[in-house]
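Q: My questions are about this predicted structure, shown below with the sequence.
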Amino acid sequence: MSKQNGVTHWCALMEPTLLRMLAAMAIRFRPIGPLVEFRGLRQPCYINVTDMLESVMHERPAFWEVITDGGSLMACSAAA
């Protein structure tokens, strides 16, 4: 949906544990500040959607297949 709607970056505030889990799937957010207290410690971060999809495609192709619906969602964004 992000690619289809021209969204280039995601920003988030997540627990470090979730960031590690996502990194294991080749989804590596970059920190943009120190940990903050918000219902527990959270890391403010961002990721470039295109870079993330390329990383997932090369490192975790099975995950890429799921999040891009077998690449069909990427074809839609290229046509737009």
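A: That came through fine. Numbers count the residues shown, from 1 in each chain.

Q: May I see the buried residues of the longest strand along the chain?
A: When the chain is parsed with DSSP state E, its longest strand is strand 41-48. Applying a neighbour-count criterion of 16 or more other CB atoms under 10 Å, one finds 42-45, 47 buried in strand 41-48. The C-beta positions use only the backbone N, C-alpha and C, and glycine is treated the same way.

Q: how about Val7, phi and psi?
A: Torsion angles at Val7 (phi, psi; degrees, to the nearest 10) stand at phi -80, psi 120.

Q: Any buried residues in stretch 49-62, and which?
A: Under 16+ other CB under 10 Å, the buried positions of stretch 49-62 are 52-53, 55-57, 60.

Q: helix, strand or coil for the residue nearest the centre of the chain?
A: With distances taken as CA atoms, centre = their mean, Ile27 lies nearest the centre of the chain, 4.9 Å away. Following DSSP: H, G, I helix; E, B strand; the rest coil, Ile27 is assigned to coil.

Q: isn't it right up against Val49?
A: No: at 10.3 Å, Ile27 and Val49 do not qualify as touching, with contact defined as CB atoms under 8 Å.

Q: Quick one: residues contacting Asn48.
A: Neighbouring residues of Asn48 by CB atoms under 8 Å, 6 or more residues apart in numbering: 8-9.

Q: For it, list each beta-bridge partner.
A: His9 (DSSP bridges).

Q: If you average the pLDDT over the longest strand of the chain, what comes out?
A: The pLDDT scores in strand 41-48 average 98.

Q: Could you look up the next helix or strand downstream of that strand?
A: Using DSSP states H and E, the next helix or strand after strand 41-48 towards the C-terminus is helix 49-59.

Q: Show me what that next one is packed up against.
A: strand 9-14, helix 61-67 (3 or more CB pairs under 8 Å, 6 or more residues apart in numbering; DSSP states H and E).

Q: Against which helices or strands is the first one packed?
A: Translated: strand 9-14. Against strand 9-14 (3+ CB pairs under 8 Å, 6+ apart) you get strand 41-48, helix 49-59.

Q: Can you say which of the ones you listed is nearest to Leu13?
A: strand 41-48 (4.6 Å; CB to CB).
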